[in-house]
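>>> Dropping a prediction and its sequence here:
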Amino acid sequence: GYADALATKSIGFSFDISPVEAEIAVCKVIRDKYWVGLITGSLDPAVEIPKMMEELEDAGIRDIQAEAQRQFDEWLGK
């Protein structure tokens, strides 16, 4: 029941993407490049996922993650 439910600290947090909008746009293009092939099995994930991850790293995915974490920490009052 609800008595055992755990509340999450992230309820109410909303990520403002504006500081990393360009990086997000490029990452979406990269995701779209690989998505269909990976989910349909026409691409070998052992080969293609490392390529995709390298492209995402180069496109700034870690910057997106860092910005989200910074905003979340600020929102929590850290």
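Okay, I see it.

>>> pull the CA atoms of stretch 49-56 into PDB?
Taking C-alpha atoms only, stretch 49-56 is exported to PDB below (Å, rounded to 0.1, in the frame of the first residue of the first chain):
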ATOM      1  CA  ILE A  49      26.500   1.300 -29.500                       C
ATOM      2  CA  PRO A  50      30.100   2.100 -28.800                       C
ATOM      3  CA  LYS A  51      30.100   4.300 -32.000                       C
ATOM      4  CA  MET A  52      26.900   6.000 -30.900                       C
ATOM      5  CA  MET A  53      28.200   6.600 -27.400                       C
ATOM      6  CA  GLU A  54      31.400   8.100 -28.800                       C
ATOM      7  CA  GLU A  55      29.400  10.400 -31.000                       C
ATOM      8  CA  LEU A  56      27.200  11.400 -28.000                       C
END
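
>>> What is the longest helix anywhere in the chain packed up against?
Of all the segments assigned as helix in the chain under DSSP state H, the longest by residue count is helix 21-40. Packing partners of helix 21-40 (3 or more CB pairs under 8 Å, 6 or more residues apart in numbering; DSSP states H and E): helix 45-59, helix 61-76. C-betas here are computed from N, CA, C, even on glycine.

>>> Return the residues in contact with Ser42.
For Ser42, the contact set (CB atoms under 8 Å, 6 or more residues apart in numbering) comprises Val36.

>>> how about it, secondary structure?
Counting by DSSP: H, G, I helix; E, B strand; the rest coil, the backbone at Ser42 sits in coil.

>>> Is it correct that Ile17 is in contact with Glu23?
No - distance between Ile17 and Glu23: 9.2 Å, which falls outside the contact criterion (CB atoms under 8 Å).

>>> neighbour-wise, which of the two wins?
Looking at Ile17 and Glu23 with other CB atoms under 10 Å, you find the greater number of neighbours at Glu23, namely 18 against 14.
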